[in-house]
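>>> sequence first, predicted coordinates after that:
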Amino acid sequence: MDNWYLVYCKPREEFRAQQHLANLGFVSYLPLLTKGKIKAGQAIAVQEPLFPRYLFLQATPEMNLAVVRNTRGVTDFVRFGGKIATIPASLIAQLTEQQILLQQQESDKQHYQPGEAIQILQGPYQGLAAVYQMADGAGRSLVLIQLLNNTVPLSLQNDELEKLTAKDTISMQRRYDN
């Protein structure tokens, strides 16, 4: 029967440790979380460990666990009272399932393109149609609305916005081009 162990890694070296452990024949699991970050003014998606500095390692009783401590990126096993802690396989299955759900939710999120027609769902401008311009920091977007025959830029939370249909997009672009 295979056991799961928790490995404590050096700072920001979880990926390196995982690769080197794979080279030694170990199976490991590193739950990841996708975060949106702004880099050089561009919104990008970055994958980071869900549990920084921790990595789950699967091993059979025949495997030599002593080599794990000397692997690049690894500090040591997590221990309780000097004994290496084991992790139930059910917890690994739950984490895997949860990570798959999170990835599906990320892919289902709406990503806007410049010029797309969107609708404002909340706040004082609720119900108004707008034109998406660009990302405005983490979780915010810059949009244009028509207000008193003027085009006005607004910065709104992404969860306050929703895409409109292709037909609405064309009519919106005509209105803002005039």
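Yes, it's here. Residues are numbered from 1 along each chain as shown.

>>> residue ranges of the strands in this structure, please?
Counting by DSSP state E, residue ranges of the strands within the chain are 3-9, 27-29, 32-39, 42-49, 54-59, 74-77, 79-80, 83-84, 86-87, 117-120, 129-135, 140-147, 150-157, 161-163.

>>> can I get these in JSON lines including mean neighbour count and mean pLDDT?
From N, CA and C alone the C-beta is placed, and that goes for glycine too. Listed next are those as JSON lines, based on neighbours: other CB atoms under 10 Å; pLDDT from 0 to 100:
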{"stretch": "strand 3-9", "mean neighbour count": "19", "mean pLDDT": "96"}
{"stretch": "strand 27-29", "mean neighbour count": "16", "mean pLDDT": "95"}
{"stretch": "strand 32-39", "mean neighbour count": "13", "mean pLDDT": "77"}
{"stretch": "strand 42-49", "mean neighbour count": "12", "mean pLDDT": "78"}
{"stretch": "strand 54-59", "mean neighbour count": "20", "mean pLDDT": "95"}
{"stretch": "strand 74-77", "mean neighbour count": "16", "mean pLDDT": "96"}
{"stretch": "strand 79-80", "mean neighbour count": "10", "mean pLDDT": "94"}
{"stretch": "strand 83-84", "mean neighbour count": "12", "mean pLDDT": "93"}
{"stretch": "strand 86-87", "mean neighbour count": "15", "mean pLDDT": "94"}
{"stretch": "strand 117-120", "mean neighbour count": "21", "mean pLDDT": "89"}
{"stretch": "strand 129-135", "mean neighbour count": "20", "mean pLDDT": "87"}
{"stretch": "strand 140-147", "mean neighbour count": "18", "mean pLDDT": "88"}
{"stretch": "strand 150-157", "mean neighbour count": "13", "mean pLDDT": "89"}
{"stretch": "strand 161-163", "mean neighbour count": "16", "mean pLDDT": "85"}
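
>>> so which of these comes closest to L102?
strand 32-39 (7.1 Å; CB to CB).

>>> what strands flank the closest one, and is each parallel or antiparallel?
strand 42-49 (antiparallel) (DSSP bridges).

>>> what angle separates the partner strand from strand 3-9?
Put simply, strand 42-49 runs at 130 degrees to strand 3-9, going by axes from the mean of the first three to the mean of the last three CA atoms, to 10 degrees.

>>> residue closest to the middle of this protein?
Nearest to the mean C-alpha position of the chain, by CA atoms, centre = their mean, lies T34 at 1.2 Å.

>>> list the contacts of that residue.
By CB atoms under 8 Å, 6 or more residues apart in numbering, the contact set of T34 is A45, V46, Q47, L102, Q103, E106.

>>> how about S28?
Neighbours of S28 in contact, by CB under 8 Å, 6+ apart: V7, A17, Q18, L21, A22, L55, F56, L57, Q58.

>>> alright, calling it a day.
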